[in-house]
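Peer 1: Prediction below, plus the sequence it came from.
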Amino acid sequence: MATESATVSGPQSGGFEEVAQREHAAGVGPWKLAMRRLRRNKVALAFLGLFVVLVAVALAAPLWAHNVAHTDAYQNHLTDTLKEGGKTVNVVAFNGTPVGPQWFKAGGRFFLGADGNGRDIMVRLLYGARISLLIGISAALITSVLAVFVGLLAGYFRGAVDTVFSRVMDVMWAFPVVILGVALGTALNLGGLKIGPINVQAGSKLIPILIIGFVYVPYIARPIRGQVLSLREKEFVDAARAQGAGSLRIMFTEILPNLASTIIVFLPLAVANAILLEAYLSFLGAGVQPPTPSWGQMINDGISRITSAPHLTIVPGLMLVLTVLSLNIFGDGVRDAFDPRAKVRMEV
Amino acid sequence: MLVGTRRLGAALVALGLAVVVAACGGGNSNSSNNSGSSSGGNGGTPASGVKKGGTIKIGTVGPDSYDPVEFTTVQGNSPLQLVYKGLLTYKDVTGTSGSQLVPAVADSVPTPTNGGKTYKFHIRPGLKYSDGEAVRASDFENMIKRMLYVGGPWSSFIFPVKGAEQYAGAKKKDAKIAGIKVDDKAGTITLNLTTPDTRVLYALAITNYGLTPKSKSPFKIVTGSNAPPGIGPYTIKVNNPSPTNGQFTLTKNPNYNIPGLAKGNVDTIIGKVSTNVNKMTEDVISGALDYMTEDPVGDLLPQVQQKYKDRFFEEAGYPNTYYFYMNTTIPPFNKLAARQAVNYAIDSRALQRIFGGRLKPTCNFTPPNMAGYKPNTPCPWGDPNGPGNITKAKQLIQQAGLAGSSVTVWTNTKDPRPAIGDYLRGLLNQIGFKASIRTLNQTVYFSTIGNKKTKSQIGFTDWYQDFPHPGDFYGQLLTTAAAQGTPSNNQGFVSDPHIDQQVDQLDAKPPQQVADGWAALDKYVNDPQHAYVAVYGNEEQTAFYSSRMNVKQCSGYPHPTYRVDWALLCLK
């Protein structure tokens, strides 16, 4: 494991305890210490750089679409033609085979070729990145907020509150996330979501965000609950209680700040998992609804043409791999930086 | 799976999406389309001197039900038509002659009396079911009652018979149907209709109206292993009812002997049920299967088209019409200009590409190979093989004050319908609407758009004949009566007294006799003064056989009712 060896066996390392003692002896705060450890982890930083590039590429989607490809992610070009070395080529042949990558032969149009509807793959890929990141980050934030809320309440109050929350989490845990996600996605994409004043239309991007945000809650809430159970017994909590602080105040001013490093460690991993689940769901038709571009959906669209146009499947798949890999390796780096002894893992 | 420590695990899962699924694919690319190639059929007449016997294996997604009153798909009809025959059936020949009504359990096709309202059938003497039980006239009445009682999907075809609709509503097994009189001793069946309607004869010839013995036909839907015996050249045994990895076996019925109908060339037909069409195609290529009921898709289609021209055929032989419905009761398509604009704008060449070249552009609502089909030339919307008139369409939308109107296009998940829906969405945006798309699972799609409360504005729809009669299209898809059903097949909720009156009049006579009337109605529906539907094509069906099959003499393709008549198949 590249990141672990970079952290543990750096040039000054003489075993973890020694390193820790040396760092603490310098009187450095935990945040600064974590940042220092993270800066030393070159692999994690390299993958953070890759992730930043992917974000930049996603943000630049409209620039490419309007100035180079001269189309958008939704426009069909079924009967359009291209000039290729003086020859006229159909964007989609009569038998439905789409044109392959043109690179810059057509001035950047159909750089990565077209899909079955004659849509520009490169443009859809870039807009797909936006969707993946939007859903991944939003869902991870929802997961984190809900998980912290559940973990705090269950861990702090224990007893009946803990029993109720824990059993609900157990039930959710019993379902594999993909199955639960597909079931919810299929149902909600059919009829939308109506709970009191909340009304989300079927096919809205909010549906996969909410589903993914919801199904991962137990995976973060459980370790947080465990940590809260431990923190509530600490002396500083007893001290706050002795000073007359109420439960809410203790939870939010004493315990929550001590959960920050755990939440930060989980966040990039949660984003990676959310992006992956979004791709799964869209691949299975239960996530982002067409014609909105999504990598999972693009992979699904390309399957039937895997031999004649493998790029239709491989390119979005590769983007997915790079995004998930960059977040996972960076996430591991963050974990190592914040708690080098931690055995925190998120099971999926 | 652990994420965090197993970084590569997560990445590999992502890669799996991109690559592992490739296992479903296969095939080749870049080939010319051989659409319109000759059928390779047996010239419209049963082949003589062909090899008899042997076993063949057929790949199929399988019947949706093995109960004759319940199944709805072509994949159900192909094997079950060999097991269940009704009073009448369709001729076992390829080409348009396959639409011809011929007697099966009855000894002749009856001529109507009482002003077209009474049909009298006489059952062939000595006829037996596959289990040896004698066929009785009362079995017919029992079959009709069973179908109506369990709510078989084709129940409404018999509603012109007096009392049939009431029986269906009453849900009482022992109630009488006033319009059916049977006499077991004389072997006669008399049907009395409320109004003259020739569609009834055509409906009685479909497999769903096949006779089964009263003693073995409970008033509930039965599973494959409990399917009742029938009268057909084969008997069926469902070895495994699984819809993804199932199997059924058709073997010769020793009691079958109806003169004039095919007796089947091969001894045994094994149906291999699977949902993996690519695997099916590869198996036909390798010879593991001898024929497949599905169309090759994706990469494999051009490969098959190019490499196996001698045993792969494409023809619009199974009558169908693909069109966009437009809801005439709500904005914006309650305005004629909006409907006209869609018709002017459609570019069938684009849709042909979505169908992989297997779409024949048309300007007719009536499909080819159907009585009353007369090419609508010149097409009022422009050449169906040429580009759409976007300028004119935009102009119409502008003039009608509809520019910027929100429209939701409805489609379903079955390939290539999402692409068709997306094409329409793009087209509507191009001509000035603000269009979005709604894609439903195919299992709930038609019941949703056919419900008036859904208020769907425009979307994908198609129609494949239930029986070879133009009334099956116009009566079910464009009449006021059809619009009142829930769900309705008249998704545009078209209600025009002229269409209603014409359908009633034309249905009363055999379709060949009033073919001009049906052609005039076709023109009326497509006329710019009405523009009730936006028709764009007829899908060609394919037939792909292994090299073991004698496709020159007995491909059984195209049969207008069965797609491929399995009774005609034979080995080399």
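Peer 2: Cool, the structure landed. Numbering: from 1, shown residues only, chains lettered A, B, ... in the order given.

Peer 1: B:Val50 against B:Cys554, yeah?
Peer 2: Yes - using C-beta atoms under 8 Å, B:Val50 makes contact with B:Cys554 at a distance of 5.1 Å. No exception for glycine: its C-beta is placed from N, CA and C like everyone else's.

Peer 1: Can you find the residue of the stretch 201-350 of chain B that comes nearest to chain A?
Peer 2: The stretch 201-350 of chain B approaches chain A most closely through B:Gly298 (2.8 Å), counting by C-beta to the nearest C-beta.

Peer 1: How about the secondary structure of that residue?
Peer 2: coil (DSSP: H, G, I helix; E, B strand; the rest coil).

Peer 1: ok, how many other residues are close to it?
Peer 2: Residues near B:Gly298, counting by other C-beta atoms under 10 Å in any protein chain shown, number 28.

Peer 1: got the residues of the stretch 151-300 of chain B near chain A?
Peer 2: The stretch 151-300 of chain B comes close to chain A at residues B:Asn278, B:Val297, B:Gly298, B:Asp299, as judged by C-beta under 8 Å from any C-beta of the partner chain.

Peer 1: can you tell me the residue of chain A closest to chain B?
Peer 2: In chain A, the residue that lies nearest chain B is A:Gly317 (2.0 Å; C-beta to the nearest C-beta).

Peer 1: In contact with B:Cys379: list those residues for me.
Peer 2: Taking C-beta atoms under 8 Å, 6 or more residues apart in numbering or on different chains as the contact definition, B:Cys379 lies against B:Cys363, B:Asn526.

Peer 1: what kind of secondary structure is it in?
Peer 2: Under three-state DSSP, the three-state class of B:Cys379 is coil.

Peer 1: Can you tell me how far it is from B:Asp527?
Peer 2: Distance of B:Cys379 to B:Asp527, computed by C-beta to C-beta, to the nearest Å: 11 Å.

Peer 1: Equivalent analysis for B:Ala435, please.
Peer 2: Using C-beta to C-beta, B:Ala435 is found at 25 Å from B:Asp527.

Peer 1: of the two, who's got more company?
Peer 2: Set B:Ala435 next to B:Asp527 and count neighbours by other C-beta under 10 Å: B:Ala435 wins out with 21 against 12.

Peer 1: That one is in what secondary structure piece?
Peer 2: strand B:434-440 (DSSP states H and E).

Peer 1: so what strands line up beside that strand?
Peer 2: Sheet pairing for strand B:434-440, assigned by DSSP bridges, gives strand B:406-412 (parallel).

Peer 1: could you point out which element follows the strand it pairs with?
Peer 2: For strand B:406-412, the following helix or strand on the C-terminal side (DSSP H and E) is helix B:417-430.

Peer 1: B:Asn490 is in contact with B:Thr479, isn't it?
Peer 2: Yes - with contact defined as C-beta under 8 Å, B:Asn490 reaches B:Thr479; the gap is 6.8 Å.

Peer 1: quick one, which of the two is more surrounded?
Peer 2: B:Asn490 (26 against 22).

Peer 1: Report the secondary structure state of that one.
Peer 2: For B:Asn490, the assignment made with three-state DSSP gives coil.

Peer 1: Against chain A, how distant is it?
Peer 2: Per C-beta to the nearest C-beta, to the nearest Å, B:Asn490 is found 23 Å from chain A.

Peer 1: tell me the pLDDT at the closest residue in space to B:Pro153 that isn't next to it in sequence?
Peer 2: Closest residue to B:Pro153 apart from its sequence neighbours, by C-beta to C-beta, 6 or more residues apart in numbering or on different chains: B:Thr72 at 5.1 Å. At B:Thr72, the pLDDT value in this model is 85.

Peer 1: again with the one 3 residues further on
Peer 2: What the model reports for B:Gln75 is a pLDDT of 91.

Peer 1: again with B:Val444
Peer 2: For B:Val444, the model assigns a pLDDT of 82.

Peer 1: In a strand, it, correct?
Peer 2: No - B:Val444 is assigned helix when assessed by three-state DSSP, not a strand.

Peer 1: How about the most centrally placed residue in chain B: what's its closest non-neighbour residue?
Peer 2: Closest residue to the average C-alpha location of chain B: B:Tyr464 at 3.7 Å, with C-alpha atoms, centre = their mean. Residue nearest to B:Tyr464 in three dimensions, not counting chain neighbours: B:Asn320, with 4.4 Å by C-beta to C-beta, 6+ apart.

Peer 1: now do A:Ile137
Peer 2: Leaving aside its sequence neighbours, A:Ile137 sits nearest to A:Val271 (C-beta to C-beta, 6+ apart; 5.7 Å).

Peer 1: if I pick that neighbour, what's in contact with it?
Peer 2: The contact partners of A:Val271, by C-beta under 8 Å, 6+ apart, come to A:Gly136, A:Ile137, A:Ala140, A:Leu327.

Peer 1: Next: B:Phe248.
Peer 2: Applying C-beta under 8 Å, 6+ apart to B:Phe248 gives the contacts B:Gly62, B:Pro63, B:Tyr66, B:Pro79, B:Gly224, B:Ile236, B:Lys237, B:Val238, B:Asn239, B:Ile270, B:Gly271, B:Val273.

Peer 1: Counting neighbours, show which residues of the helix or strand it falls within come out buried.
Peer 2: Using DSSP H and E, B:Phe248 sits within strand B:245-252. For strand B:245-252, a neighbour-count test (16 or more other C-beta atoms under 10 Å in any protein chain shown) marks B:Gly246, B:Gln247, B:Phe248, B:Thr249, B:Leu250, B:Thr251, B:Lys252 as buried.

Peer 1: Surely A:Ser304 touches B:Asp299?
Peer 2: Yes - using C-beta under 8 Å, A:Ser304 is in contact with B:Asp299, at 6.6 Å.

Peer 1: my guess is B:Pro229 contacts B:Asp131, does it?
Peer 2: Yes - counting by C-beta under 8 Å, B:Asp131 is a contact partner of B:Pro229 at 4.3 Å.

Peer 1: who has more neighbours, the two?
Peer 2: For B:Pro229 versus B:Asp131, the count of surrounding residues by other C-beta under 10 Å is larger for B:Pro229: 22 against 14.

Peer 1: sorry, back to before: name the nearest of the contacts of A:Val271 relative to A:Gly191.
Peer 2: Minimum distance to A:Gly191 across those is 25.1 Å, recorded for A:Gly136 (C-beta to C-beta).

Peer 1: Phi first, then psi, for that closest one.
Peer 2: Torsion angles at A:Gly136 (phi, psi; degrees, to the nearest 10) stand at phi -60, psi -50.

Peer 1: do the same with the one 5 residues further on
Peer 2: Note on A:Leu141: backbone dihedrals following degrees, to the nearest 10 are phi -70, psi -40.

Peer 1: ok, it - contacts?
Peer 2: With C-beta under 8 Å, 6+ apart, A:Leu141 has these contacts: A:Gly213.

Peer 1: ok, it to A:Ile212 distance?
Peer 2: Separation of A:Leu141 from A:Ile212 (C-beta to C-beta): 11 Å.

Peer 1: same deal with A:Leu188?
Peer 2: Look at A:Leu188 and A:Ile212: by C-beta to C-beta, they are 12 Å apart.

Peer 1: These two: which is more packed in?
Peer 2: A:Ile212 (30 against 21).

Peer 1: what are the ranges of the strands in the stretch 451-572 of chain B?
Peer 2: Taking DSSP state E, counting those that start in this stretch, the strands of the stretch 451-572 of chain B run over residues B:458-464, B:533-539, B:541-545.

Peer 1: Dump those strands into JSON lines; add distance to B:Asn192 as well.
Peer 2: Putting the strands of the stretch 451-572 of chain B into JSON lines (distance: least, C-beta to C-beta, whole Å) gives the following:
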{"stretch": "strand B:458-464", "distance to B:Asn192": "29"}
{"stretch": "strand B:533-539", "distance to B:Asn192": "35"}
{"stretch": "strand B:541-545", "distance to B:Asn192": "38"}
